[in-house]
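Trainee: quick one, what's the 3D model for this:
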Amino acid sequence: MQRLQTGNFFGETNRTIRLQGLTLTDTEYTHDTVDWHYHENAYFTFILEGGVIEGNKKEVYECSPGSLLFHNWQDPHYNIKSSLFTRGFHIELEKEWLDGLSIDHSQLEGSRHLTHPSMKLLFYRIFRETSVSGAGKRNDPGQHDDPVLTARSVDDTMELSVQHLLGEAFTHLVTERVVVERQPPRWVRQIKELLQEEFLQAWTLGRLAGQLGIHPVHLSRDFSKYFHCSLGAYIRKLRIEKSLSLFPAGDLTLTDISYACGFSDQSHFVRCFRSDQGISPSAYRKLLLRK
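Mentor: Numbers count the residues shown, from 1 in each chain. Below you'll find the model as predicted:
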């Protein structure tokens, strides 16, 4: 079984950024299928465009734009690429980096499909940070050598920002694992599945509680305990996450995306997006465009 070294993925890498204990790569997937393999480091995969099926010893995931996976080191898996142009953003984590944050390695076992919108939005922010800090320019057509950038060759605040955002991500990752291990009430899984499918609905607290068979006060009191934000904020994050997954579709206008994601109009969408991501939707879309 093939073991991939730091910074290596199956495809053509547009850019590599090496920071202290971290390696970030923006890679176009060019292999229709990739046999079982594993990586030297633990890492996140964030799908920016296209799609891929990824399988491990326990599960198979169908990944579309916005999908986020975590793999521990030496955790074997395989890939099947869709027929679409597919692009992934990867963040590899050396053990020394994890030790520096006092992260318990036992919390990182296996492969995980991460679905909480707060986690996904953090990785869009990391991608944005590495793109607007002087490290986002892709190769010119016909250029074959992959650029490798270090902290010295990019904005000197980028490394701090990436470290900070990854620290937030690991807080979510460890907390989510603890919640799963404690076996939360059935309604927690039910509401997560319901809102993932029906985030376009104009929910009221009473109607949502009725769907779950619990008292509205119970839902209001305990939702943030398991989701770490309010109900309204969670649904808004799901809508923004959906909008980001639609950006690669060049035939959709921002108005189209606004309505497709449940916002009342484009101006409402722009306000919510800028509040969450710190950048306008049109500016963010430009970051995803292939140079």
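Trainee: when you work out contacts or count neighbours from here on, use the C-alpha atoms and nothing else.
Mentor: Will do.
Trainee: okay, and the beta partners of His113?
Mentor: Leu69 (DSSP bridges).
Trainee: quick check: Arg221 is in a strand.
Mentor: No - counting by DSSP: H, G, I helix; E, B strand; the rest coil, Arg221 is not found in a strand; it is helix.
Trainee: so what's Val34 up against?
Mentor: Applying Cα atoms under 8 Å, 6 or more residues apart in numbering to Val34 gives the contacts Phe10, Tyr78, Asn79, Ile80.
Trainee: quick one: neighbours of Pro248, just the number.
Mentor: Burial measure for Pro248: 18 neighbouring residues, criterion other Cα atoms under 10 Å.
Trainee: in helices, which of the contacts of Val34 appear?
Mentor: Mapping the contacts of Val34 onto helices (DSSP state H) picks out no residues; all lie outside.
Trainee: would you turn the residues you listed into TSV with pLDDT?
Mentor: TSV is the format used below for those (pLDDT from 0 to 100):
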residue	pLDDT
Phe10	92
Tyr78	93
Asn79	94
Ile80	95
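Trainee: in strands, which of the residues you listed appear?
Mentor: Using DSSP state E, the members of the contacts of Val34 that fall in strands are Tyr78, Asn79, Ile80.
Trainee: among those, which one has the most neighbours?
Mentor: Asn79 (22 neighbours).
Trainee: ok, and the closest non-adjacent residue to it?
Mentor: Nearest in space to Asn79, with sequence neighbours left out and distances taken as Cα to Cα, 6 or more residues apart in numbering, is Glu54 at 4.6 Å.
Trainee: wait, doesn't that neighbour sit right on Tyr78?
Mentor: Yes - with contact taken as Cα atoms under 8 Å, Glu54 and Tyr78 are classed as touching, separated by 5.7 Å.
Trainee: isn't Leu212 right up against Val188?
Mentor: No - at 9.2 Å, Leu212 does not count as touching Val188 under the criterion of Cα under 8 Å.
Trainee: where do the strands sit along the stretch 101-250 of the chain?
Mentor: Assigned by DSSP state E, counting those that start in this stretch, the strands in the stretch 101-250 of the chain fall at 111-114, 148-150.
Trainee: out of the helices and strands in the chain, which is least certain?
Mentor: strand 148-150 (a mean of 68; mean pLDDT, DSSP states H and E).
Trainee: save the contacts of Val34 as JSON lines, and put in distance to Asp26 too.
Mentor: Converted to JSON lines, those look like this (distance: Cα to Cα, whole Å):
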{"residue": "Phe10", "distance to Asp26": "11"}
{"residue": "Tyr78", "distance to Asp26": "19"}
{"residue": "Asn79", "distance to Asp26": "17"}
{"residue": "Ile80", "distance to Asp26": "18"}
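Trainee: quick one: which of the residues you listed is nearest to Gly278?
Mentor: Looking at the contacts of Val34 and their distance to Gly278, the nearest is Phe10, at 32.4 Å (Cα to Cα).
Trainee: next one: phi and psi at the closest one?
Mentor: phi -80, psi 100 (degrees, to the nearest 10).
Trainee: domain ranges for the protein, per the record?
Mentor: Taking automatic domain parsing as the domain assignment, the ranges for the chain are 2-181, 186-288.
Trainee: ok so, going back, what's the first helix or strand after the helix or strand where the residue nearest to Asn79 lies?
Mentor: Glu54 is part of strand 52-55 when elements are defined by DSSP states H and E. Going down the chain from strand 52-55, the next helix or strand is strand 60-63, by DSSP H and E.
Trainee: helices or strands up against that next one?
Mentor: Contact analysis of strand 60-63 by 3 or more Cα pairs under 8 Å, 6 or more residues apart in numbering; DSSP states H and E lists strand 52-55 as its packing neighbours.
Trainee: how about the strand it packs on: buried residues?
Mentor: Within strand 52-55, the residues that count as buried by 16 or more other Cα atoms under 10 Å are Val52, Glu54, Gly55.
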